[in-house]
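>>> based on what follows, work out the 3D shape:
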Amino acid sequence: MPAPSLPLELQREIFEIAVISSQSQDAALKLNLSLVAHRVHFWVDRVFYEVVTISGQKSADGFLKLVDLKPPGFFADVVKTLLLFDPAGKVPSPFPAARILSVCGRVQSLAWWSGEMTPLALSSAGQFPLRRLSTHIENLANIIALPAPSGWLSAITHLTLILGVFRGSRAPELKILKHLPRLTHVALFAVQADPSHVHLVSDSCPHLQVLVMTPVGHSVRTALTEQFADSRVVVVMPFTSKPLEDWEAAHFGLPDMWTRAHDVLAERKSLLAALLKDD
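Numbers count the residues shown, from 1 in each chain. Presented below is the predicted three-dimensional model:
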C-alpha cells in the first residue's frame, strides 16, 4: 500500500525550509533538491534567489546569464535582498550594475558598495520598495534629488551610510536624513567619528532607536564612546570582519550588526538598572 501523499503546500514548505536553513548559499543542496521534481525546482529557485550577491564582473556575468535562462520577470518578483560590490573598488563600477537593478524590481534590502551610481541605476533603485539601504551618502543624496521622489523615502527604517568623498567633492550633510522620516536604525562608517554626526542624525530622525558609529582607522573605542552622551550611540571598531555575510544575515533572521547593537544597548540598560538598585 503506497504511503499517503503530503499536501502540496506542506511539501513546498518542507523544501523551502531546507533551503532557508542553509542560508540559500548551498548550491549543491539546491541542485539536489531541484532534481526531485519540476515543481520542487520552481519552489527551491524562488527561495534560493531571494538573496543575490554580485561581487565583480564574473559574478555579474553569471547572474545575467541566469536572467536570460529564467522566465521573463522571474527575478523582478523573487529577489528581496540585493548586494552589489566591486572588489576592484573602481568608480563607477565596471560591471553592468544598472541592468542588474533593472531586472530586480521588488528589492526590499539594497546594498550598493560599487561606488557612484549611474543615472540609470539611480532611477532603478528609486523604484524599489526598500526598507533597508546600505550605500555611500552621495548615492543617497542623488536618489533624494531625483525629479520623481522615491516612494521608499517615507518607508525605509534601516540605513547604513559610508561617509566618504567622490571625485574630491564634499560629502552631503547628514541633514538629508530628514527626507527619511521613519528611520529607526542608522549606521555611519566614517574616517573620523565626530560628535556633530550624532546631533545631526538625532535631530533628523525623530524615531531613532540606535546609531552605530564605525570610525575607520581609530583604535581606542572607550575614548570615543565617552564623546557621545546619547545612550543610543554604539561605537564599534570594526563591527564585523565579514560585511557581506553580515548583510545577508538579516534576511535569514540571524545575528547581524543591528542585533549586536541592540545587545549593547540592553547590556547598558541592565548595568544602569543594577547601579540604580545599589544606590
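
>>> dump stretch 230-238 to PDB, keeping only the CA atoms.
C-alpha atoms of stretch 230-238 as PDB (Å, rounded to 0.1, in the frame of the first residue of the first chain):
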ATOM      1  CA  ASP A 230      23.400  59.900  23.700                       C
ATOM      2  CA  SER A 231      22.800  56.400  25.100                       C
ATOM      3  CA  ARG A 232      21.500  55.200  21.700                       C
ATOM      4  CA  VAL A 233      25.000  55.500  20.200                       C
ATOM      5  CA  VAL A 234      27.100  52.400  19.800                       C
ATOM      6  CA  VAL A 235      30.700  52.800  18.700                       C
ATOM      7  CA  VAL A 236      32.400  49.700  17.200                       C
ATOM      8  CA  MET A 237      35.800  49.200  15.600                       C
ATOM      9  CA  PRO A 238      35.200  47.300  13.400                       C
END
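
>>> can you start the count at 19 instead of 1 from here on
I'll keep to 19 as the first residue from here, and by that count the last item is stretch 248-256.

>>> can you pull the buried residues of it?
Buried residues in stretch 248-256, counted by 16 or more other CB atoms under 10 Å: 250-254. No exception for glycine: its C-beta is placed from N, CA and C like everyone else's.

>>> any chance of these in TSV, with secondary structure and pLDDT too?
Converted to TSV, the buried residues of stretch 248-256 look like this (DSSP: H, G, I helix; E, B strand; the rest coil; pLDDT from 0 to 100):
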residue	secondary structure	pLDDT
Arg250	coil	90
Val251	strand	90
Val252	strand	90
Val253	strand	85
Val254	coil	81
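
>>> so which residues make contact with stretch 223-236?
With CB atoms under 8 Å, 6 or more residues apart in numbering as the test, stretch 223-236 has contacts from 195, 198-211, 215-216, 219-220, 242, 246, 248, 250-257, 275-276, 279-280, 283.

>>> need the contact partners of the helix ranked longest in the chain.
Taking DSSP state H as the criterion, the chain has its longest helix at helix 275-296. By CB under 8 Å, 6+ apart, the residues outside helix 275-296 that reach it are 176, 178, 203, 205, 228, 230, 249-250, 252, 254, 257-258, 264, 268.

>>> repeat for stretch 194-208
152, 155, 158-159, 162, 171-181, 192, 215, 218-219, 222-234, 257, 275-276, 279.

>>> I figured Ala78 hits Ile72, correct?
Yes: using CB atoms under 8 Å, Ala78 is in contact with Ile72, at 5.2 Å.

>>> off-centre distance for stretch 64-76?
13 Å (CA atoms, centre = their mean, to the nearest Å).

>>> then stretch 263-280?
Here the centre of stretch 263-280 is set off from its chain's centre by 10 Å, with CA atoms, centre = their mean.

>>> what mean pLDDT does that stretch have?
Looking at stretch 263-280 alone, the average pLDDT works out to 88.

>>> quick one: buried ones out of the contacts of stretch 194-208?
Burial by neighbour count, 16+ other CB under 10 Å: within the contacts of stretch 194-208 this picks out 152, 155, 158, 162, 171, 174-181, 192, 215, 218-219, 222-223, 226, 228-233, 257, 275-276, 279.

>>> just give me the closest of the contacts of helix 275-296 to Cys122.
Nearest to Cys122 among the contacts of helix 275-296 is Ala268, at 17.3 Å by CB to CB.

>>> quick check, that closest one in a helix?
Yes: membership of Ala268 in a helix is supported by DSSP: H, G, I helix; E, B strand; the rest coil.

>>> near it, how many other residues are there?
18 (other CB atoms under 10 Å).

>>> that concludes my questions; thank you for your assistance.
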